[in-house]
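Asker: Sequence unavailable; structure follows:
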């Protein structure tokens, strides 16, 4: 566990800007492209999930994770707390610049719902499921274009406010998911 995590939890003013990825390491999660985007954007990213606690297995389903692992290892921008409790996850979301979920394929995008419930903007894959789920409450990036993903993350990092997102829709989504 990175020693940066306690600092992030104590830093409600975002003195250490970071984005957050919460999820698994399956092929569809597009982690190699996300790693390239993080490197291009220059922002740190906290990767939450039990699967990040172990190195990749020599299995075809872990090829993407292996590539991601090679890109991320020894780079301080990549922070791996592994599994965290809801008690610790909520402030990680709340203090993040944005949630990032740029999967090739997704059924719903649970981390989007969690982030939206907490009022945190997301960068999502430009795919039909995310347009249906998020509408105009997120920024969309091509899941195959690391520069596009990096640009969307940087847009949110540099935004003074998120007025470019549909405020009514953001509040509607927030209300829908606020039970989190």
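Answerer: Looks like it arrived, so ask away. If you're wondering where the values come from, they're calculated on a predicted model, not measured in any experiment. Residues are numbered from 1 along each chain as shown.
Asker: the residue most distant from the middle of the chain, which is it?
Answerer: Here the centre of the chain is the reference, and by CA atoms, centre = their mean the most remote residue is residue 58, at 25.5 Å.
Asker: Pull the contacting residues for it.
Answerer: Contact analysis of residue 58 by CB atoms under 8 Å, 6 or more residues apart in numbering lists residue 66. Bear in mind the C-beta positions are built from the backbone N, C-alpha and C, glycine included.
Asker: Let me see the ranges of the helices in this structure.
Answerer: Per DSSP state H, the chain has helices spanning 4-9, 31-41, 63-72, 86-95, 110-117, 128-134, 146-158, 167-177. These are given in chain order.
Asker: And those helices: which comes nearest residue 20?
Answerer: Closest approach to residue 20 among the helices of the chain is made by helix 86-95 (5.8 Å; CB to CB).
Asker: what distance separates that closest one from the centre of its chain?
Answerer: When distances are taken as CA atoms, centre = their mean, to the nearest Å, helix 86-95 is centred 13 Å away from the chain's centroid.
Asker: Kindly report the same for stretch 104-119.
Answerer: With CA atoms, centre = their mean, you get 9 Å for stretch 104-119.
Asker: rewinding a little: want to throw the helices of the chain into CSV with distance to residue 24 and mean pLDDT?
Answerer: Shown next, in CSV, are the helices of the chain (distance: least, CB to CB, whole Å; pLDDT from 0 to 100):
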stretch, distance to residue 24, mean pLDDT
helix 4-9, 20, 50
helix 31-41, 9, 97
helix 63-72, 9, 92
helix 86-95, 15, 93
helix 110-117, 10, 90
helix 128-134, 17, 90
helix 146-158, 18, 95
helix 167-177, 20, 56
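Asker: Verify the stated contact: residue 134 with residue 124.
Answerer: Yes - look at residue 134 against residue 124 with CB atoms under 8 Å: they come within range, at 5.9 Å.
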